[in-house]
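K.L.:
Everything below, folded, please.
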Amino acid sequence: MACEERSRLLTAYLNAIGKINEAAGTITDPKSPKWKEATWNARMECKKALLAFVQHQREHGCREE
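P.N.:
Numbering: from 1, shown residues only. Below is the predicted model of the structure:
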């Protein structure tokens with residue numbers, strides 16, 4: 001049986017990755033301070049989402065079926 005919380009957390013993580021890509025797409029030079037500023041919040045959100053996903057899997061013991 002699929003774990004709904006795992007699915008929700010995975011979706012949140014994938015959406016956060018999309019937000020990084022959206023933010024990064026607005027600036028052409030990924031080494032510029034503007035690019036780093038534009039993507040910083042999205043990267044932090046992505047890290048939090050990944051940590052929540054991994055923590056849930058550890059605590060709940062669920063894995064992809």
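K.L.:
For whatever helix or strand Gln57 lives in, which helices and strands make contact with it?
P.N.:
When secondary structure is defined using DSSP states H and E, the element that contains Gln57 is helix 33-60. Contacting helix 33-60 under the criterion 3 or more Cβ pairs under 8 Å, 6 or more residues apart in numbering; DSSP states H and E are the following elements: helix 4-24. All C-beta spots, glycine's among them, are computed from the backbone N, C-alpha and C.
K.L.:
packing partners for the helix it packs on?
P.N.:
The contact analysis (3+ Cβ pairs under 8 Å, 6+ apart) places helix 4-24 against helix 33-60.
K.L.:
Arg63 in helix, strand or coil?
P.N.:
State at Arg63, reduced to three classes by DSSP: H, G, I helix; E, B strand; the rest coil: coil.
K.L.:
what's the burial count for it?
P.N.:
The tally of other residues near Arg63 (other Cβ atoms under 10 Å) stands at 8.
K.L.:
Is it in contact with Gln57, as I believe?
P.N.:
Yes - with contact defined as Cβ atoms under 8 Å, Arg63 counts as touching Gln57 (6.6 Å).
K.L.:
Spit out the contact partners of Ile27.
P.N.:
Listed by Cβ atoms under 8 Å, 6 or more residues apart in numbering, the contact set of Ile27 reads 34-35, 38.
K.L.:
which of the residues you listed lies closest to Lys19?
P.N.:
For those, the minimum distance to Lys19 (Cβ to Cβ) is 10.7 Å, reached by Ala38.
K.L.:
what's around the closest residue to the closest one other than its chain neighbours, how many residues?
P.N.:
Beyond its immediate neighbours in the sequence, the residue positioned closest to Ala38 (Cβ to Cβ, 6 or more residues apart in numbering) is Ala23, lying 4.7 Å away. Each residue near Ala23 was counted by other Cβ under 10 Å, and the total is 17.
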